[in-house]
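**Q** Coordinates for the following, if possible.
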Amino acid sequence: MLITAFNPEVEDLEQTLLTQYVTAGGTSLTVINNQGFANTNKILLGTMGTEYAEIATINSAVTLGTTIPIAATTFAHNANEPIYLLRFDKIRFYRSTAGIDGTYNLLTTVDIDVDNADSKTVYDDVGGIAAYYYKISYYNSVTSYESDQSDAVQGTGYPRNTVGFLINELLTEIGDTEERTVSRDTLVAWLNEVNDDLLTRARKPYEFLKRIDTVNSTASTYIPYPTNMWKFDRLEYTWTVGGQGTTREFYPIGPEEFRVIDFNTNAIPSDDLQFVQLDDVNQVIKTYPKFLTTQTNSIVIYYYKYFDELDSPSDTFETPTPNVYKLYCLGKYFRLLAKGDSNFLTLSDRYFADYSQQVIKLQRGNDRNVGTPLSIRLPTRRMSRYY
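**A** From the prediction side, this is the model:
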């Protein structure tokens with residue numbers, strides 16, 4: 001079972017440039033400036049993903065200037081090659097044999113494969129099966145500092161409706177698996193743009209974003225909005241009197257009407273709820289009257305949530321299919337290429353048109369009446385004799 005980890009990014013790391021050629025086996029680097037580099041640091045010689053990139057170790061004190069002492073290099077390196085101060089030099093692979101929520105045990109710690117053309121490090125779990133789940137972390141072998149573990153990925157790879165699967169599919173389709181034109185981070189940003197656009201275009205809330213929260217009624221306190229609420233639907237309240245629960249449904253009234261009703265807050269000295277109103281300023285559902293007592297799980301809020309932010313390869317799309325995201329990303333990608341060649345603009349426009357059609361399909365699929373008989377035509381007099 002081959003488990004693949006993406007190598008960490010290096011763009012934001014401390015770096016310098018070689019100013020002189022270094023032979024294979026060289027133990028000293030001449031650079032523009034060695035500030036920030038210190039003894040025992042792990043450094044990357046060359047560009048990540050190139051054939052002769054390698055990790056070296058600074059093996060003695062660094063005197064401020066233009067020299068970095070290192071253990072012998074494996075390859076020769078030319079002037080102007082970059083030198084990066086690595087935050088991590090190894091990758092750790094973890095495995096759960098008891099499902100996604102099982103215990104993840106360390107399988108192995110391997111050197112980052114810095115010369116892999118796809119900027120990936122691959123580990124072969126010879127005892128792995130499709131039902132196992134895996135996580136990875138980045139590790140510094142000098143300081144023993146370890147990053148947080150990644151989200152879990154099943155041995156079969158990312159499911160079709162996940163960010164990781166779609167990004168891999170996109171990069172393969174456009175022939176840019178090395179991310180020379182567009183990076184994974186850029187694609188993730190575009191995916192989140194789709195979420196924002198879908199909310200803006202919605203004529204009514206999407207059913208696939210509908211949620212239900214059960215909360216307590218708290219004495220003298222209004223009901224806080226659910227933290228991810230986009231649109232409110234209704235509220236159910238169970239008022240318990242003498243052990244007997246009565247459940248009623250409430251829809252919000254306007255602020256002016258509520259203001260008049262709520263003028264005398266002691267008009268109904270009980271927990272018998274009469275009206276609710278949405279207060280977007282304070283992010284609460286106002287109630288009339290305010291609750292006098294605290295009751296557990298007495299309120300059920302029906303609402304539509306915002307899209308969850310997409311920030312991990314294992315994140316799952318909340319739309320029925322991920323196709324709307326793919327079309328948008330292809331439109332953005334060819335619009336990006338059109339900056340250098342306007343011929344790509346037509347292709348970009350085509351994908352954006354397909355994207356708009358897919359958004360319309362999402363809205364149509366949101367109509368629960370579609371496919372149901374709204375009217376029935378009775379047989380004509382001429383046909384009725386056959387019944």
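
**Q** use CA for all of it now, contacts and neighbours both
**A** Fine.

**Q** Mean pLDDT per helix and strand in this structure: which one sits at the bottom?
**A** Ranked by mean pLDDT, DSSP states H and E, the weakest helix or strand in the chain is helix 381-384, scoring a mean of 37.

**Q** residues touching the residue sitting nearest the centre point of the chain, list them.
**A** When Cα atoms, centre = their mean is applied to the chain, the residue found nearest the centroid is residue 310 (2.0 Å). Residues in contact with residue 310 (Cα atoms under 8 Å, 6 or more residues apart in numbering) are 163, 188, 191, 192.

**Q** residues contacting residue 317?
**A** Contacts of residue 317 were listed using Cα under 8 Å, 6+ apart, and they are 161, 162, 163.

**Q** Export those residues to a markdown table and append columns for distance to residue 250, neighbour count and secondary structure.
**A** As requested, the contacts of residue 317 are arranged in a markdown table below (distance: Cα to Cα, whole Å; neighbours: other Cα atoms under 10 Å; DSSP: H, G, I helix; E, B strand; the rest coil):
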| residue | distance to residue 250 | neighbour count | secondary structure |
| --- | --- | --- | --- |
| 161 | 36 | 18 | coil |
| 162 | 37 | 19 | strand |
| 163 | 38 | 24 | helix |
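
**Q** what would those residues look like in a markdown table with pLDDT and distance to residue 364?
**A** Shown next, in a markdown table, are the contacts of residue 317 (pLDDT from 0 to 100; distance: Cα to Cα, whole Å):
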| residue | pLDDT | distance to residue 364 |
| --- | --- | --- |
| 161 | 92 | 21 |
| 162 | 94 | 23 |
| 163 | 95 | 24 |
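
**Q** Switch these over to JSON lines; also include distance to residue 141.
**A** What follows is the contacts of residue 317, written out as JSON lines (distance: Cα to Cα, whole Å):
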{"residue": "161", "distance to residue 141": "36"}
{"residue": "162", "distance to residue 141": "32"}
{"residue": "163", "distance to residue 141": "31"}
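
**Q** I'd like to know which of these is nearest to residue 82.
**A** Set against residue 82, the nearest of those by Cα to Cα is residue 163 (31.7 Å).

**Q** Tell me how this structure divides into domains.
**A** Using automatic domain parsing, the domains assigned to the chain come out as 1-157, 159-206+319-369, 207-305.

**Q** For the first one, what is the distance to the chain centroid?
**A** Mean-position distance between domain 1-157 and its chain equals 25 Å (Cα atoms, centre = their mean, to the nearest Å).

**Q** pretty sure residue 122 contacts residue 3?
**A** Yes: taking Cα atoms under 8 Å as the definition, residue 122 is a contact partner of residue 3 at 5.6 Å.
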